[in-house]
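Asks: model this:
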Amino acid sequence: MVRAHTRHYELRLTWFVFLVLGFVFLDRIAITFLLPIAAPELHLNNAAIGQIMMWMTLAFDASALCFGALSDRSGRRKAWLVPFVLATSVFSGLSAVAASFTSLLLIRLLNGAGEGPTYPLGAAMLMAESAPERVGRNLGFAQSGVGLIGLALGPLLVTQLAVHTNWRWAFLLASVPSFVLAFVLMRWTREVRFAKASSTTWDWRAYQEALSYRNVWVCVFMSVCLMVALWVMNIFAPLFLTQVDHLSEAQMGYVMSIMGLGAFFWGFLVPLISDYWGRKPTMILFSFVAVLPPLVMHSFHGDWVMLAVLGFFLNVVQGLFPLFMNIVLMETVPERLAATASALSMSVGEMIGAAATPAVAGALADVYGLPIVMWIAAAGPFLAALVGFAMRESNLRKVKSRLPNGANVPAVESE
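Replies: Residues are numbered from 1 along each chain as shown. Sure, this is the predicted structure:
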């Protein structure tokens, strides 16, 4: 049930969550833009890079699964969200003091544990304050902060900081905005109390109940596939552009930044389209489109400006994330399972698609060369599109339009 809200507060919270998701993602992704500079100093090969990303992601996922469920059982969101945003900033900034593979691995593991719960908690908090007809627009816009801040402005900010100072200062300075945002949330947002607290202990039965819904299973499988596309590209595209295409650090930053602008554009537009066209057809179509960016990068080795332009128009995968991680799930399950279902989709997807697959991709790249990672990145969304055909439409507007006049809208039943 959507909580009583005011339009002004709904808009303000949408902007706050947009900034939070964008900057905590920047804290996480900054390492991929800095590794081409930091790796030689820390003596890291592709396999070591994959290992760091894998363990950071596993910590991210375990934390999201645990604390997302605890938030649901406690009946609160803000009380959990603020400390995790603060922890993300602190541990991201501490990456500046890493002196070896081991120390960087430990710091990034703690960074992942801090960041994991911020996504399901932020989305659940915003959905509770959003009018039903604006759910797709609000969550899509909030999630597009990942594209604009993390993937568009992030590469420019981080690489330019590294060029004009060094990679250590870049880590430290990039972590400041999320530190400030933790206090903004504390001061200018209100707590979401959606149910009487039942417990503050973790209970695996919440996940069992969430998995009784078909759409939860579908979203988990799509999450695995689309995480492959997102993270294999995010981790290895900067290395591919500098080592295979021989772009400078600045040129690589521009390409990744322009592609990030595309992620922002589609991150807002895809969920908005789904408000009118339906969740299911939108997810299937744009999953097929998401196959193209890694194939273009693999095959096109001409002008880097043209590569960036193509990346802008084809980089649609980020627009699918609000759908399979938040919107479809929260339209399907009861509110008391909202963060649990969201954390489940995100965490299982990341364990396989963002943790295990990049580690395997890094090892394969050491043997067969970096081009192989682009084929891996293209396979994920292709499989996601096929899985999407099993989804049940959750957009109440579309479901209602297909019913006879006067008929009640059925719930998305569990199975």
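Asks: show me where the stretch 251-400 of the chain dips below the pLDDT cut-off.
Replies: Residues of the stretch 251-400 of the chain meeting the criterion pLDDT under 70: 398-400.
Asks: could you do the stretch 1-150 of the chain as well?
Replies: Along the stretch 1-150 of the chain, the model assigns pLDDT under 70 to residues 1-5.
Asks: quick test: name the residue nearest the centre of this structure.
Replies: The centroid of the chain falls nearest to residue 321 when counting by C-alpha atoms, centre = their mean (6.4 Å).
Asks: run through the residues that contact that one.
Replies: Neighbouring residues of residue 321 by C-beta atoms under 8 Å, 6 or more residues apart in numbering: 143, 146, 226, 230, 267. (C-beta placed from N, C-alpha, C; glycine too.)
Asks: the strands in the stretch 51-200 of the chain, which residues?
Replies: With DSSP state E, counting those that start in this stretch, there are no strands along the stretch 51-200 of the chain.
Asks: CSV for the contacts of residue 321, including neighbour count?
Replies: Listed next are those as CSV, based on neighbours: other C-beta atoms under 10 Å:
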residue, neighbour count
143, 32
146, 29
226, 31
230, 25
267, 28
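Asks: looking at those residues, spot the one nearest residue 338.
Replies: Ranked by distance to residue 338 (C-beta to C-beta), the contacts of residue 321 are led by residue 143 at 15.1 Å.
Asks: for the closest one, what are its contacts?
Replies: Residues counted as contacts of residue 143 (C-beta under 8 Å, 6+ apart) are 21, 123, 267, 271, 318, 321-322, 325-326.
Asks: again, but for residue 243
Replies: Counting by C-beta under 8 Å, 6+ apart, residue 243 has contacts residue 370.
Asks: would you list the phi and psi of it?
Replies: According to degrees, to the nearest 10, the main-chain angles of residue 243 amount to phi -100, psi -30.
Asks: so what's it scoring on pLDDT?
Replies: Per-residue confidence (pLDDT) for residue 243: 87.
Asks: from residue 310, how far off is it?
Replies: Applying C-beta to C-beta, to the nearest Å, the value for residue 243 to residue 310 is 20 Å.
Asks: so how far is stretch 104-124 from its chain's centroid?
Replies: Put simply, stretch 104-124 sits 11 Å off its chain's centre (C-alpha atoms, centre = their mean, to the nearest Å).
Asks: check stretch 7-23 too.
Replies: With C-alpha atoms, centre = their mean, you get 16 Å for stretch 7-23.
Asks: buried residues in it?
Replies: For stretch 7-23, the neighbour count (16 or more other C-beta atoms under 10 Å) marks 13-14, 16-23 as buried.
Asks: same check, this time on stretch 95-103
Replies: Neighbour counts over stretch 95-103 (16+ other C-beta under 10 Å) mark 95-96, 98, 101 as buried.
Asks: from the chain's centre, how far out does it sit?
Replies: Relative to its chain's centre, stretch 95-103 lies at 25 Å (C-alpha atoms, centre = their mean).
Asks: who touches that stretch?
Replies: 30-31, 42-44, 48, 52, 104, 107-108, 111, 168-169, 171-172.
Asks: what is the nearest of those to residue 358?
Replies: Comparing those against residue 358 with C-beta to C-beta places residue 52 closest, at 9.7 Å.
Asks: my read is that the closest one contacts residue 108, right?
Replies: Yes - if you go by C-beta atoms under 8 Å, residue 52 and residue 108 touch, sitting 5.6 Å apart.
Asks: mind listing the shared neighbours of those two?
Replies: Common contacts of residue 52 and residue 108, defined by C-beta under 8 Å, 6+ apart, comprise residue 31.
Asks: what about residue 156, how many neighbours?
Replies: Counted with other C-beta atoms under 10 Å, residues neighbouring residue 156 total 17.
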